[in-house]
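Novice: Got a predicted model here, sequence first, then my questions.
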Amino acid sequence: MSDSHHAPAMHMGLPISRAKLGMWLFLGTEIMFFTAFIGTYIVLYFGSVDATGKSAWPTDTHVTHLNIAAGGINTFVLLASSYFVVVAHEAMAKRDFSRARKFLIFTFALACVFLGIKSFEYYGKFSHDILPGRIPETDTQAIGKMELQVESRFHKRLDSVVPDSAITDVDGDGTSERDMPTDQSMVYYQKAAALPQLIDSAEGTRKEDYEALLALNGQVNKLREQIAGNKLTYAQADESLHGMVEDEQFGSILSGLHMSTPILYGNLFASVYFLMTGFHAIHVIVGMILFATVLAQGDKLSERWSNWVENSGLYWHFVDLVWIFLFPLLYIIPGNI
Amino acid sequence: MDHTHDESHPHVNYLLIFIGLCICTALSVVFDVVKMAPALVVFAVLAVAVAKASLVMTFFMHLKFEGRWKYIILLPTAILGVGLMVALAPDMAMHYYRYDVMQSRVVAPRGGGHGAGHTAEEGAEHGGETEAKEAKHH
C-alpha cells in the first residue's frame, strides 16, 4: 500500500534555486505594495477637486518645489547602477571576482549618489516647510500659521531673556512668593506682564532686550486682535509681518520669517510624495546593505556569493523599476493631466 | 539542472540595453520640455516608462531566458495590480454624482446659518475667512 519509496525520486518545486524563487515571490509582494501606493495616489489626485469638479492637485513646481532635473538625473543614476549590477553578476558567472567587485563598488557608489540627490530634494522640501501637516491650504490658514510662528519666536525669546524669578519673586528679595503657573500660556502672559518692571530695574543691553520684547509684545497683541477680528487679508498680513521683521528694535527676533504660500491639497501632496519616495529610498538603503555585505568579503569573494549577487541584483532592478514609474507619475504627469 | 544554469547566464549586450534605457529617459524629459498636447505627454511618458520597465525585466532581470514558472509567479500579481487600478475607476471617473455635492467637501451648517453647504474651495475663493471667522466666534 505504501508508495513512500517514490517520494525521494520526485523533484518538488520550480527548476530554479530556492533563494531565487524566494526573491521572485518577495518581488511579487513588492509589486502589490507599490501598486497600492500608486493606486492611492491616483485616487487622491483625481479626488482632490475644486468647486468645478476638476482636480486641484498642486502641480506648480514653484510651489511644490519638485525638481524635475533632479528626478531625471536620479533615473539615469539608478539605470546606470542597474547596468553595473548585471555586469557584476555576469563577471561572477565567469569567476572574474575582482571585476565583479569593481562593478559592485560602482553600484554602491551610485546608490549613494541617488540618496545624495534625494536628500538635496528633501532638503528643499524641509526648508520650505513642504511637509505633511505643515502647509496652509487657504489664506486664513496661512495667516494663522504666521501668527503661530510669530508667537513661537516671541515666547522662545521671552523664555531665554526673562528669568522664572520675574514671576515667582514678586518683590525682588531673592525668595519665591509665588509658584510658577502650571499653564504654559499663563507663564508667557505673566512674563510679558513683568516686562515694564524689569525695564525699570535693568541697564544696558539687558534693558534693550526687555524693551524690544515689550515692543514686540504690543505688536503680537495687535496682530492677535486683528486676526481674531478677521480684519487681515493675506496681503495685509504679509505687509504686517514684513514690517515686524524689518523693525530695528525687535526685527532680529523674527528674522527669516515669511508668509507661507497657501497650497490647496498641499498636505495630501506632501504625504503622498514622502510616502512613495520615502519607501523607495528605504528600498535603496536595503539594497546598499545587500551589496555592502558582498563587498565586505573583500578578496574572499567567491562562487559561493554568486546566488547572493544574482538575487540582490534582481532586487536592485526592481528598485530601479519602481523609480521608472515614480519619476513620470510624480514629476512629469501632474502638470499635464 | 546544468543546462538551466547555463541558460541563466545568457550572452546579452547589456551596454546596448543600458544605452536604450538612457535614450528612453532622455525622451521622457524631452516630452516634458517640448510643447505638445497634455494628454499626449501623459501617454508618451507612460509608454516610455512601460518600454523601460520591459527592457529591465526582459534583459537585466533575465525574464526572457527564464522558464514558464515566471508566468505562475508574476501573472497573479500583475493581474491583481492592474485589477486594483481598474477597481478604483468607478469612484474616480464613473460616478453619477457631481463633486459640488460630495459629502466630504460640505461644510457642516453652523449657528449663523450662512456658510452652510459651502465647500472649502468656495470659502477659499472668497478669501477663506468665513469658516475661520465662525470658528473663532464659537
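Specialist: Alright, I've got the coordinates. Keep in mind it's a predicted model, so treat the numbers as computed, not measured.
Novice: Can you check what pLDDT the model gives the closest residue to chain B within the stretch 151-300 of chain A?
Specialist: Residue nearest to chain B within the stretch 151-300 of chain A: A:N230 (4.4 Å; CB to the nearest CB). To be clear about C-beta, it is placed using only N, CA and C from the backbone, and glycine gets the same treatment. What the model reports as pLDDT for A:N230 is 87.
Novice: Pull up the gap between it and A:G144, please.
Specialist: Using CB to CB, to the nearest Å, one gets 11 Å for the distance from A:N230 to A:G144.
Novice: Equivalent analysis for A:K102, please.
Specialist: A:K102 is 56 Å from A:G144, by CB to CB.
Novice: helix, strand or coil for the residue nearest to A:R224 when sequence neighbours are not counted?
Specialist: Distance criterion CB to CB, 6 or more residues apart in numbering or on different chains; nearest residue to A:R224, sequence neighbours excluded, is A:E147 at 6.8 Å. Secondary structure, DSSP: H, G, I helix; E, B strand; the rest coil: A:E147 is helix.
Novice: neighbours around residue 13, how many?
Specialist: Chain wasn't specified; assuming chain A. For A:G13, the number of neighbouring residues by other CB atoms under 10 Å in any protein chain shown comes to 10.
Novice: Sorry, I should have been clearer: chain B.
Specialist: B:N13 has 9 nearby residues by other CB under 10 Å.
Novice: Report pLDDT for residue 73.
Specialist: Let's take chain A. Value listed for A:I73 in the pLDDT field: 94.
Novice: meant chain B actually
Specialist: Reading off the model, B:I73 has pLDDT 88.
Novice: Over to A:Q141?
Specialist: At A:Q141, the pLDDT recorded in the model is 94.
Novice: Quick check: buried residues in the helix or strand where it lies?
Specialist: A:Q141 belongs to helix A:139-161 when elements are defined using DSSP states H and E. Neighbour counts using 16 or more other CB atoms under 10 Å in any protein chain shown place A:139-143, A:145-147, A:149-150, A:153-155, A:157-158, A:161 of helix A:139-161 among the buried residues.
Novice: before we move on, what about stretch A:104-115?
Specialist: A:104, A:106-108, A:110-111, A:114-115.
Novice: Next: stretch A:54-64.
Specialist: A:55-59, A:63-64.
Novice: Where do the helices of chain B begin and end?
Specialist: B:2-7, B:14-33, B:38-55, B:69-93, B:120-125, B:129-137 (DSSP state H).
Novice: just to revisit the earlier point, how much space between the residue nearest to A:R224 and A:A192?
Specialist: Distance from A:E147 to A:A192, by CB to CB: 16 Å.
Novice: quick one: contacts for the closest residue in space to A:D50 that isn't next to it in sequence?
Specialist: In space, and not counting its chain neighbours, A:D50 is closest to A:A56: 4.0 Å by CB to CB, 6+ apart. By CB atoms under 8 Å, 6 or more residues apart in numbering or on different chains, the residues touching A:A56 are A:48-50, A:264-265, B:121.
Novice: distance between the helix or strand hosting A:L79 and the chain's centre?
Specialist: Element membership of A:L79, judged by DSSP H and E, is helix A:68-93. Centroid displacement of helix A:68-93 relative to its chain, using CA atoms, centre = their mean, to the nearest Å, is 25 Å.
Novice: and the angle from that helix to helix B:38-55?
Specialist: 10 degrees (axes from the mean of the first three to the mean of the last three CA atoms, to 10 degrees).
Novice: neighbours of residue 73, just the number please.
Specialist: No chain was given, so I picked chain A. A:I73: 16 neighbours (other CB under 10 Å).
Novice: Actually, chain B is the one I wanted.
Specialist: Neighbours of B:I73 (other CB under 10 Å): 17.
Novice: what do you get for A:D183?
Specialist: Neighbours around A:D183, by other CB under 10 Å: 9.
Novice: Also the one 3 residues further on?
Specialist: Applying other CB under 10 Å, we find 12 residues neighbouring A:M186.
Novice: Specify the local secondary structure of it.
Specialist: helix.
Novice: any idea how far it is from A:M180?
Specialist: A:M186 is 9 Å from A:M180, by CB to CB.
Novice: Let's have the helices of chain B in a markdown table, adding distance to chain A.
Specialist: Output for the helices of chain B, formatted as a markdown table (distance: least, CB to the nearest CB, whole Å):
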| stretch | distance to chain A |
| --- | --- |
| helix B:2-7 | 5 |
| helix B:14-33 | 4 |
| helix B:38-55 | 4 |
| helix B:69-93 | 4 |
| helix B:120-125 | 4 |
| helix B:129-137 | 4 |
